[in-house]
Structures are given as structure tokens and as C-alpha cells.
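Student: everything below, folded, please.
(3 chains)
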Amino acid sequence: MSSDTHHSGISGLGGEVLGHTDVKVSHCYQCGKCSAGCPLSEEMDYPPSVIMRMLQTGNPDLEDKVLRSLSIWVCLTCEMCFARCPMSIDIPKMMDFLREKSLNEKKSNPKAKEIIAFHKSFLDSIKYTGRLYEIGLFVDYKARTLKILDDLALAPKMMKRGKLNIIPELIKDRSGVAAIFRKANKKNKN
Amino acid sequence: MTLGFYPGCSLKGSSREYAESVLAVAKAFDIHLEEIKDWNCCGATAAHNMNKELSLALPARILSLAEKQGLTEIVVPCAACYSRLTVTKHELSENPALKAVVTEANDLAYTGSVSILNIVQMLDKYIIPNLEGRVVKPFDHKVACYYGCLLVRPHEILKFDREEDPQSLDALMLKAGATPIDWAFKTECCGAGLSVSRTSSVGRLSGKIIGDAKDRGAEAIIVACPMCHSNLDMRRDAINAYLGEKVDIPVLYITQAIGLAIGLDRKALGLQRHFVKVSV
Amino acid sequence: MSKIGVFVCHCGENISSTVDCEKVAATVGKYDGVAFSVDYKYMCSDPGQSIIKSAIAEKGLTGVVVAACSPRMHEPTFRKVCAEAGLNPYMCEMANLREHCSWVHEKGEATTEKAIDLVRILVEKVKYNQSLSSIKVPVTKTALVIGGGIAGIQASLDIANTGHKVILIEKDPSIGGHMSQLSETFPTLDCSQCILTPRMVEVAQHPNITLYTYAELESLEGFIGNFKARIRKKSKSLDEKLCTGCGLCTTKCPTKKIPSEFNEGLGNRTAIYVPFPQAVPNKPVIDRIHCTYYTKGKCRICEKVCPTGAIRFDQEDQIIEVEVGAIVVATGFAVKQPDFFPEYGYGKYADVITGLQFERLASASGPTLGEIRRPSDGKIPEKIVFLACAGSRDPAKGIPYCSKICCMYIAKHAMLYQHKVHSGKSYVFYMDIRAGGKMYEEFVRRAIEDDGVNYIRGRVSKIYEKNGKLIVNGVDTLLNAMPVEIEADMVVLATAGVANEGAEELAQKLHISYDPYKFFAEAHPKLKPVETNTGGIFLAGACQAPRDIPESVAMASGAAVKVAGLFSQDELTREPIIAVVNRQAAPVYSSCVGCFLCVSACPYQAIEKEEIKNRNGEVIKSIAKVNPGLCQGCGTCVAFCRTKSIDIQGYTHEQMYTEVMALLNEY
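Tutor: Okay, the predicted model is just below:
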């Protein structure tokens, strides 16, 4: 870390957050109410208020740590922080942006591998069929994570209760949905 | 009468009993739910975690299809779908530039004219006024109404009930003959989309919810979200492991509880599909 | 031919950083009628004033334009300078280059151009200015003090001790205000009642003070030195002269379960009641909302038991009219009920209480006689949690400001608790400790270091009840936002101090301004902290912003000195900025046609009919006439007058028209 640890949160990642989400990191006065109410806080490497503080410093090393953090991936977007924030800071919206940026810059935390794999499998499933195909999702997810044995007992139980479709539901305009994905992904890469 | 209907993926798969009970209750009150033709997945948590434009374009397509079909009011029983659709409608009305990008991606006309009802709003508006005299088997149990996240937050956009200690489900259950309890975890997150990828977290979060409901003597938990239901019901092993005891309080969809109260067949309401046996 | 002097001020860098002052002076100097033009760094300073004075003397100036800050700030200064140099002060005008130009625009050509325009219109106006002389009005040397809390008490005593009469009105049945509810006071821990009640008695016994309790301001007319106030004395259903204050009625009243306002709902009172034993006056009132006789038509037990026959069920509110020369507003503040914090469960859980409720629990005169006991079951709490900023510094809940007193009273509460419950544990969740005040920081350190209060930096997210305990979820932000969960027996919320209900209405009655939070606005945040923008009306205490006792008292004494200063004169000088109806030679007499629309339009009842008579005493014309003592120069009549017969002195039609033309004409 450089000796000049505190820059300005308006430049750097804080500035990007502002540009993309209208969230002003300078509004946070570090009361910690978000962290106190966050159900996942204790599983995070940096609780939400600490993420805000790191962004406020404008320090590139700390900003890099934010993008590489596990926090942004275990955040469930449950919106509790936003609901109770005395400064009405839309942390969930900011988290969405940080996740997307972390992915684009290939900085996602290795411990978030399963979470990201699940999201990817989920999106792939709807990309090809238009709707979620749960068996396909599980198979795809297991292939991505090699967690073959997890939840193995669940599928037959679901099947028995008629909770799993053997055949995916396909929508007619699959090309339309595929086009949405194509356009969204293209913009994302730019 | 006829209302538009967006079931969403869960209601076609792992939560089909929710769809069954919604349709059964609607039918009992002569409401026809007309499914949006060729609907797609709303993208759920995955889309907005990974790609903002996608997270808006997918729900926008659904709303466009509903418009095309001439539907003015659609019922969205899944709280997650309800949230995504409502947030999309809000963002597109606030931000014309975004609307242009999203409709371009969709290649479908979008005006934002469709109004979106969650299940509580639908029941409140169309079922409750006609409920009097229909309750043949009052749901005479202590119930913990569990709202989760997406039904009430963010309040600025959804403008539904209140964020802390909401009451709308409790009011419905009271009408169905139940005794709603005051408890502390009405709006705490169940673990939601981490169900598969981080089951231990779900065990802990859902465990706290089930634990508090149990401590306060709840005989059933009432939900309005397939994700909440699957975590609280299907993940009961992980929950019990967290709690260190076997808790067998069943988790019912609001429509199942109301269906029981008006005397609908248990099977028609899909109660046999639950992991935790519905003994109430 | 006019000889006008223009004096352009840099205001340090306030103006010169965006306006080219030299260029303004040079450009304006070339205009017709401008005899002298100069710029200077501080025109209001002594050397600056000398520049103006010598220019008037040397150049024989007939008019002066000072281009500087707002006339609100320095018009009196520069008018005085002109007068001292022998020029009529009303020949001086100010162009506001600071608030209207330099502060609101970027540096650049256009900004300087605008500054030149602003000066030019006043150069043209001042050519039409006329010498005016100020108006003298008499002073009524009686003060009205509104509010009988510590600020109102102090102001009343201070004014009364200068030998002037005071009328003190208080809306509640007793004076004393919030201070009478407090247990001990920071930072000395002296008992609040012990230091307050002697003053309350002094007020009641002071020969110069007339006290009306259970009374409110109904309306106010007039102006500085000459106000007319109508006061509503709410019916106490009691003949105060007959009542001896024996208290028999209050012991026999069968309606006993009314939540006591004085005890913040932690105890009950009767329908006929004295708010607290040390009340002044110590005579009861009947609360008609709860009294069985008024609600159901029968009972009258108090009447039966009263040994002096003092009860008057049919007594009506009485309106009295008083003439006063000055008013001190000391209406105090309210505590925001924290029911807008559903996550903290106030109102839902009996043992989540407000700071003011804690004061009552800790007070020897309180419902528990000073023992800290839970409202729910009377148990002594073993663990107690205090939450700072429960409402304050919370824009999402509508209160962005700091309530200022909470950090100190929370430290005091925790300290009192530790003194009373030695085995107990206390926790304070805070964001910042704001202990700026004499011995304040030391006091907070004492709570932490000597009394073992646990201070945790972080805001609480949620409180819920479980098995008789209140579960408090917070974090320690000094430990990487580590979760902190406390199973407490009682929680005290340091609720925000807010403006009183009805503050807005009162401000409108008084014609004083208020801020967005409905606190009354002082005339200048630094230099006129006790004055309002309305002459003769002063502020004291927490009606202006949250204040602690020492500040309220200091402010009250300050306001009292302002009143005494005003009363030290027999006559007041007023600005001659008033309306006049023109008068012309016979046989026209005036262009006024006597429609008298102005009479009904005037908000100050300052216009009357004047009859012009011939030598035989016959009325030949009726025209409007403005009473200069009453006119406030608002200009409403000018807008209503169909024949343009009324002008405001210093702002005539001609002057206004000239200003507009100066902007439109090419130069």
C-alpha cells in the first residue's frame, strides 16, 4: 500500500459507482447499521459498511480488494441495508455494479466460485430454453463446480413429489430470448 | 372475470403446488387466470447479479407480451418475479434512455401500461371481499407469517405494506380464521439464491427463522414466495442441523392456507408435494 | 444635475474572486451623473468608510451607491456613514454584488457585466431618491414572554429585575417546562428540580411579573414598541381566587387512569389535576377531554368535596387583550416520539423507552421514586442499552440535524444507572460523541472510565423481544463492523429534539420566520442569535434549535438585555419606508378618487379615510390616508390602487420604472 493511503472517493471506483448507480459513497458516515442488519455480514470478508469505507478512501489497493472480495458475492440483495440506511444509500444497487465489474475484470473471489457458477448455469438455462430448466441447471452447475455429490439426495425426493420436470419447458420465441442475451452481453464487454 | 397470470419458472417446476393452489383458489371465486403466452424467465437474482441490462430486458419482454395480449392487470405470485417485474417497470419509467436500450434489445413494443399484482394484493382485491361465508374450515392455528425480502423491499419502488413488521399477510390469515403471532423474523432473509451454491448459509439463515417461529409456538409458517418456501421446506435437513433438533413445523403458501379454509381438496392444493408433512 | 458616488467593495475576495471590481468602478464612472467611482477591498471597514465620507465632502455628492453585500447586512452601516458626512441617509443605495452576483456565478465576463448592470440600475434610481426623515414612535414598556420553561422563566426574571413589567404566558397548567421533568443535570449532576423550583416560585411572587398559565397567544397585531396581543386563557373550570390548592379534589377524582404528561405516560393522573407536586401555580385544572362530567354529564365529585366552592364547570375560555412593546418567544421543543422506528419496537415493547421517560424513572419525583425499574414488570434491569441518534442525524427519517443534547444526557443516564444499580451493565451505541461544552468531555470520560459504561461505536439495526429480553442487534464499527448482540432488559432511545407542534402556526401569528424543521429563525446566525427578522420579537431557548439548559439560560438573558435596551428609550426611530397618498394643490387635492380598495387590502389596518373640508367645514372630498405609525411598508395598497395615487417612500413608481429602463436601455 502506498504511503498516501487516502485519496478521494469521488475519483476511482467510487466515481464509477456514482456514474453507474447514482450511489454516492461519500454519503456514508460509517454508522454500521447496514452491517448490523445484514444477514450475511458474518460470512463476509468485509461487511457492507467496511466496503463503503474502502471505497471512500479512493485507494486503488483497497478498491482492488473490494472487487476481489467474497462480500460482493455472498450479498443476497435482500435489501435490508437499504431499507434501514439513515442516509438512504442503495447498497444493493452498488453491489450489483461491483459484481458485474468484478466479473468483467476477472477479479472474482475464488471462494465465490460456486455462487458464480450457479448464476451462470441459471442464465445459460434460460438463454437456451427461455425458462429455467431445473434438472439442466443442476447438471450444468455440477459440471462447473464438480460438486457431484452435493444435494444428490434431493433430486429423487423432488422427483417423487412431482417437483422436477424431466423435459424442459421450451418457449417458442427462443431466438428472441437468445437475442436479448447476445445484445446484453455485447454491451457488457464494451 | 379474467386476470393476466405470470407463473414464472418455479411455479412450473419445483413449486408447482403454489401454482396449483393459486389456480384452485382463483377458480373457487370464478376468476380465470390467463397465462401470458410464450413467457420467459424473469432472470431472477442471477441476472441482476451478473448483467444489469439483461436483468431489465428479460422482465421487459414479459411485460411487452402481456401488453400485446391485451392484459391490463397481471398476477405474479412469485415474490422474486414480482420484484423483478416491478423494479423493471419502475426503472424504465424513470429512465427513458434505459427504456430505449431495453426495448431495442427486445424488439417488442413496451409502454408500461400493465399493472402488477403480487399474491397478497390479488387476494386482497378480488378474494377477500367475497370471502365472507366461504370459510368452512377456519385455519384455526397459530401461524407465523413470513414475508421475506422481495415482497416488501425496496419500499420506495414496491410501495407495498411496510418494510418493518409488515401486516398484510397477517390480516389475510386472520380472515382465514388463523391466529397470526407476533415474531421477530418476518422480513429476515432466508438465504434465497444461495440455496444450492452455499447451502450452509441457507441452513443458518432459515434456521433462525424456523427457530424463532418454533419458540413462539407457531404451528405453521405462511409464505408467499417459492424461494422462501423451498428454503424453509426442502432445506429442512440443513435447518435442523443448524438448530440441533428436529423441527417439523410445515410451511404453507398463503393460497394453500386460504384454500384449506374454504374447504378445497388438500391434493388440489398440492399439499402432498411438501418435504415437511403438512399435518395442520 | 446629480453628482453620484459609486463605491465598489471587493468584500475581501467574496466579490473580487469572480467579479472584476476595478472594471465595474471604471465603467460606471463614465455614466452620466456619476461624479466619483472607486473600488476598495473592505468598504465597510474604517478606511473604506473614510473614502465615502471624504468623497461626499470633496465632490459634493448628492447620492451614493455602495456596490457590496446585501443591504440586510450593511445598509444601516453605509446610511450612517452618509449621515455623518452630511448627506441624507436615504440618498444612499446598495447594489448587492455578493449574494446576487459573485456568490452565485462563476468568474467571467458575463458575471462582471451583470455586476455593472446591478450598479447601473441603482445609479439611475438614486437620481430620483428624495431626502427622507425617520419616524418616531412611542414604546410600551411591558414585555410579553411566551413559554414558561427555563428560558421563559429566566427571560421574565431578567426583564422584571430591570424594573419593567412582564406578562408570562404558559400553555400548560404549570410553568417549569421540560427542565422540571429532568432528574439530575449534566455535567454537575445537580438535581434539576432543586435548582429550578426556587426560580418558579420567584416568578410567581415577582411584583413585575403577571403569570397566566393554561394560556396561549390568540393573535398579535402591531409592531416593535407597540404590539397588541390577544391571549386566550383556557378555562381551568376553577375560580383561582377561591382555590387554596388543598388538593382534596385531586385525591377524590374517580377518573384516575389518565397517562400523566409530566411522567411521560409512565404514571397516571386524575381528570382534575396538578401536573406535579411542585407546580406553580399549585392549583388544579380540569382536563375536559377526560373528565366524566364533561364526557358523560355526571360526577361533579370535585365540586362536592371542594371546601371553598372553587369549581366552575361552566367557566368559559377568556380572551384578554394586552399592549406590549417587546416579545420573547421561549416555547421550547418537543421530543420526537420514536414510533417512526418500527425496527426498534418503540410502542410495541414496553421496555423500549425514550430518554425523557428515563428521566422520569431516574427522578426522585417520578413514578418509581427514582428507582430504575422496567415499565413492563417493575424489575430492575440488569442490562440496559442506550441508543444515541434515535432519529437525529437520520435524513431517511426526516431529521438530518444533530439534536446536540443527546450525547450528554445519554452519558448522564448511563452514569445514573450505574450509580443506582451497581451490579448492572450499561451499553451506549453511538456514532460520534459530541461533548463540546465546559466540563462536558470530562463528564463523558468519567462515565466510560470511572463508571464502566460500555461505549460501542455503531448504530443498532434492530431490536426484538424474546423470552422477556430485548435482543439488540448492532455492530462495533471499530472492530471491522463485528456483530454485537446484547440481550437487554431495557432500551433507552435518545430521541430527536424537534419543534413543538403548532410552532409553524405560532410563527405565522407572530410574523417571524422559521427554518425547514419549524424551529424559529434568528435574524443572523452569528451576530443576531436572539433577534428575529421582526423588530421587537426575540428568541430564547430550544424553540430556535435544540439547546441544553446553560445555553437556553444564556440565550434568555441575552434576549432580556435586548428587551431592556429597547425599553431604555422613550421613543423608537423607524425607517420611513412607508406608503403615502399623494397630495396636490386645490382644487384636485389628490389623485386619489376615494375608492378605498386600499383600506380593505391593508393587512395592518393602517389606512383610514380623510375628509377634505372647505372653509365652511363642508366635505368636498374623501381620500385615503396612511397612518405612518402603523404602516409597515409592505406595498399591498400600492398594487391595489387604481389611480397610482399611493407610493412607498424610497420605492416610488418613478424609481422602479427608472430601474427597469436602466436595464433595458443600451449604454
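
Student: can you report phi and psi for residue 174?
Tutor: Chain wasn't specified; assuming chain A. Here the main-chain torsion angles of A:Arg174 (degrees, to the nearest 10) amount to phi -70, psi -30.

Student: try again with chain B
Tutor: Per-residue torsions, B:Leu174: phi -60, psi -40 (degrees, to the nearest 10).

Student: can you tell me how far it sits from C:Gly149?
Tutor: As judged by CB to CB, to the nearest Å, B:Leu174 and C:Gly149 stand 46 Å apart. The way it works is simple: take the backbone N, C-alpha and C, and place the C-beta from them, glycine included.

Student: ok, now B:His141?
Tutor: According to CB to CB, B:His141 and C:Gly149 sit 54 Å apart.

Student: now B:Lys89
Tutor: 52 Å.

Student: and if you look at C:Ile320?
Tutor: Using CB to CB, we find C:Ile320 at a distance of 22 Å from C:Gly149.

Student: now swap in C:Ala559 and tell me
Tutor: 13 Å.

Student: who has more neighbours, B:Leu174 and C:Gly149?
Tutor: Using other CB atoms under 10 Å in any protein chain shown, the more surrounded residue of B:Leu174 and C:Gly149 is C:Gly149, with 27 against 15.

Student: let me see the contact set for that one.
Tutor: Going by CB atoms under 8 Å, 6 or more residues apart in numbering or on different chains, C:Gly149 touches C:175-179, C:330, C:332, C:541-542, C:552.

Student: these in helices, which ones?
Tutor: Here DSSP state H is the test, and the contacts of C:Gly149 give C:Ser552 as lying in helices.

Student: out of the contacts of C:Gly149, the closest to B:Leu98 would be?
Tutor: Nearest to B:Leu98 among the contacts of C:Gly149 is C:Ala542, at 47.2 Å by CB to CB.

Student: low-confidence ranges, the chain, go.
Tutor: Defaulting to chain A. Chain A contains residues with pLDDT under 70 at A:1-4, A:7-10, A:187-190.

Student: look at chain C instead
Tutor: Across chain C, the ranges flagged by pLDDT under 70 are C:666-667.

Student: how's the chain carved up into domains?
Tutor: All of this refers to chain A. Listed domain ranges for chain A are A:12-107, A:111-189 (source: automatic domain parsing).

Student: hmm, I had chain B in mind actually
Tutor: By the assignment in automatic domain parsing, chain B contains the domains B:2-120, B:136-273.

Student: adding mean pLDDT, write the ones you listed out as a markdown table.
Tutor: What follows is the domains of chain B, written out as a markdown table (pLDDT from 0 to 100):
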| stretch | mean pLDDT |
| --- | --- |
| domain B:2-120 | 92 |
| domain B:136-273 | 94 |
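
Student: in stretch C:303-316, which residues are buried?
Tutor: For stretch C:303-316, the neighbour count (16 or more other CB atoms under 10 Å in any protein chain shown) marks C:303, C:306, C:310-313 as buried.

Student: looking at those, which one is closest to B:Met122?
Tutor: Once CB to CB is applied, the member of the buried residues of stretch C:303-316 that ends up nearest B:Met122 is C:Phe313, at 56.2 Å.

Student: let me have the domains of chain B in CSV, extended by distance to C:Val599.
Tutor: Converted to CSV, these look like this (distance: least, CB to CB, whole Å):
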stretch, distance to C:Val599
domain B:2-120, 53
domain B:136-273, 52
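
Student: distance to chain C for the ones you listed - can I get that in TSV?
Tutor: Shown next, in TSV, are these (distance: least, CB to the nearest CB, whole Å):
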stretch	distance to chain C
domain B:2-120	19
domain B:136-273	4
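
Student: out of these, nearest to C:Lys228?
Tutor: C:Lys228 lies closest to domain B:136-273 among the domains of chain B, at 48.6 Å (CB to CB).

Student: domain parsing for chain C?
Tutor: Structural domains annotated on chain C: C:4-126, C:142-234+C:317-332+C:500-571, C:248-305, C:334-497, C:579-648, as defined by automatic domain parsing.

Student: out of those domains, which comes closest to B:Asp215?
Tutor: Closest approach to B:Asp215 among these is made by domain C:334-497 (7.1 Å; CB to CB).

Student: rewinding a little: among the domains of chain C, which is nearest B:Glu164?
Tutor: Closest approach to B:Glu164 among the domains of chain C is made by domain C:334-497 (3.5 Å; CB to CB).

Student: how far away from the center of its chain is that closest one?
Tutor: Distance of domain C:334-497 from its chain centroid, counting by CA atoms, centre = their mean, to the nearest Å, is 29 Å.

Student: what about it, how long is it end to end?
Tutor: Using CA to CA, to the nearest Å, the end-to-end distance of domain C:334-497 comes to 6 Å.

Student: check whether it contacts chain A.
Tutor: Yes: against chain A, domain C:334-497 shows contacts by CB under 8 Å from any CB of the partner chain at C:343, C:389, C:393-397, C:431, C:457-462, C:473-477, C:480-481, C:483-484.

Student: beta partners for the residue nearest the centre of chain C?
Tutor: Residue closest to the mean C-alpha point of chain C, counted by CA atoms, centre = their mean, is C:Phe520 at 3.2 Å. Assessed by DSSP bridges, C:Phe520 has beta-bridge partners C:Tyr514.

Student: surely it is in contact with C:Ile512?
Tutor: Yes: assessed by CB atoms under 8 Å, C:Phe520 is found in contact with C:Ile512 at 5.8 Å.

Student: any shared contact partners between the two?
Tutor: Joint contacts of C:Phe520 and C:Ile512 (CB under 8 Å, 6+ apart) are C:329, C:532.

Student: A:Ile115 - how many residues pack around it?
Tutor: By the measure other CB under 10 Å, the count of residues near A:Ile115 is 26.

Student: rewinding a little: for the contacts of C:Gly149, which single residue is the most surrounded?
Tutor: In the contacts of C:Gly149, the most neighbours by other CB under 10 Å go to C:Gly541, 35 neighbours.

Student: please name the nearest non-neighbouring residue to it.
Tutor: Nearest non-adjacent residue to C:Gly541, counting by CB to CB, 6 or more residues apart in numbering or on different chains: C:Ala151, 2.8 Å away.
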